[in-house]
Each structure stands twice: as C-alpha cells, then as structure tokens.
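1. Predicted model follows, preceded by the sequence.
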Amino acid sequence: TLAASGVEGSPIVTAMAGNGREFGIRVSGLGDRWFTVAAPVGDPVLVEGATLDDVTPTMGDSMIAETAGFGALAMTAAPAIMSFVGGDTALAQEITRRMRTLCAGTSRRLLIPAEDFLGTPLGIDVHRVRALRVEPVINNGLAHREPGRGRVGAGITSIPIEPFVAAGEALMEARAEETERHG
C-alpha cells in the first residue's frame, strides 16, 4: 500500500492501524498524517469464558490487509472464516458488496471465484465513505486486556466514519488552498 502513498489529492486509504486506544487511517494525498477515532471493539465472537470486559479494543496493523484488498473486503473469497468471526456466507457476500461501494476499483490479480472471478474491492476512498455514510469493516483478532492472556475472540468490526470524513475534509481544504494559490 505504500506504493499508493503520496499521490497529490488522492483520497485512497493507504494504512489502517490501532493501538488499543485509537484507530487511525492514513490517506495517499495527505502524507503521513493520521486521522484517528477511539479504537472500536465491534461485536466479536468470544472464546469460551471470555467477556467483552476482557477485550482490548482494536489494535495492531493486520487491518492493513483491508487496504490491499484482502481481509473483510474479500470475505466472499473465504466464506469458511465467517464461522470464526461470526456470520454466514450471506453476510460475507453483503460485506464484500458493501465494501465495493466504498472502493475506487477492483483488483486485477486478486480474483474471487465465487463472484465469477471479479476482483476484490480495492482502494477505500474517503470521499465515498463520507458521501455514502457507510462504515468500512475489518477482520480482526482480539487480545485480552491483560498482557500474556492471549486471544479472547475475533470478529468483523465496523470502523466509525469520523476519520474518513475528517480526511476527506482535509483533502478538500488542501485542494481549495491550492486553487486559491494558483488562481
């Protein structure tokens, strides 16, 4: 995803990550600037004996997979994982369909046989998220709040739209400033 970074004016998300307190995105046309929100927990499938109080909010960088067209964006390519994260093949299809509405295009290399070899959605566009008011989703494993206690669950987690909206607004401001400078 770094190859897509630094394209002036580009609304494409190039990174997503969380630290257990905040979840953030970076956008191609805005350099290394992060747009953050409180890290979500989602509605996970928990291991036996675990409760939501045990869960650390979203953390790590595995959700970078979504920015590259893997993970939740490609749920119809791996429907068996739905039993692990909660859901069924109909939900997998719905997630991939919904993510297509938020993406700039589809992959030419990552093809989904169950969708007549249509490419995975690729390139989450912050302007589309802002306009459609649809929360992007990620697949994630969830760790225990206490170090050393391990994994307590997994799930499909919706990411609040606020960082996407803020990034879209920052892009529009940068464009307006550029237009004003150059008449």
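-> Yes, it's here.

2. Looking at this structure, which strand is longest?
-> Using DSSP state E, we find that the single longest strand of the chain is strand 103-112.

3. Can you give me the buried ones in that strand?
-> For strand 103-112, the neighbour count (16 or more other CB atoms under 10 Å) marks 103-104, 106-107, 110, 112 as buried. Every C-beta, even on glycine, is put in place using the N, C-alpha and C of the backbone.

4. Dig out what the closest residue to D32 other than its chain neighbours forms beta bridges with.
-> In space, and not counting its chain neighbours, D32 is closest to R26: 6.6 Å by CB to CB, 6 or more residues apart in numbering. Beta-bridge partners for R26, by DSSP bridges, are A15.

5. Tell me who's in contact with R26.
-> Listed by CB atoms under 8 Å, 6 or more residues apart in numbering, the contact set of R26 reads 5, 13-16, 32-35.

6. gap between it and F70?
-> Distance from R26 to F70, counting by CB to CB, to the nearest Å: 18 Å.

7. Dump the contacts of R26 to a markdown table, plus neighbour count.
-> Output for these, formatted as a markdown table (neighbours: other CB atoms under 10 Å):
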| residue | neighbour count |
| --- | --- |
| S5 | 17 |
| V13 | 28 |
| T14 | 25 |
| A15 | 19 |
| M16 | 24 |
| D32 | 9 |
| R33 | 13 |
| W34 | 15 |
| F35 | 21 |
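
8. now, which of the residues you listed sits nearest M63?
-> M16 (4.6 Å; CB to CB).

9. Let me see the ranges of the strands in this protein.
-> 13-19, 22-27, 35-38, 45-46, 59-60, 103-112, 118-124, 137-143, 151-158.

10. That's all I had, so thanks and see you.
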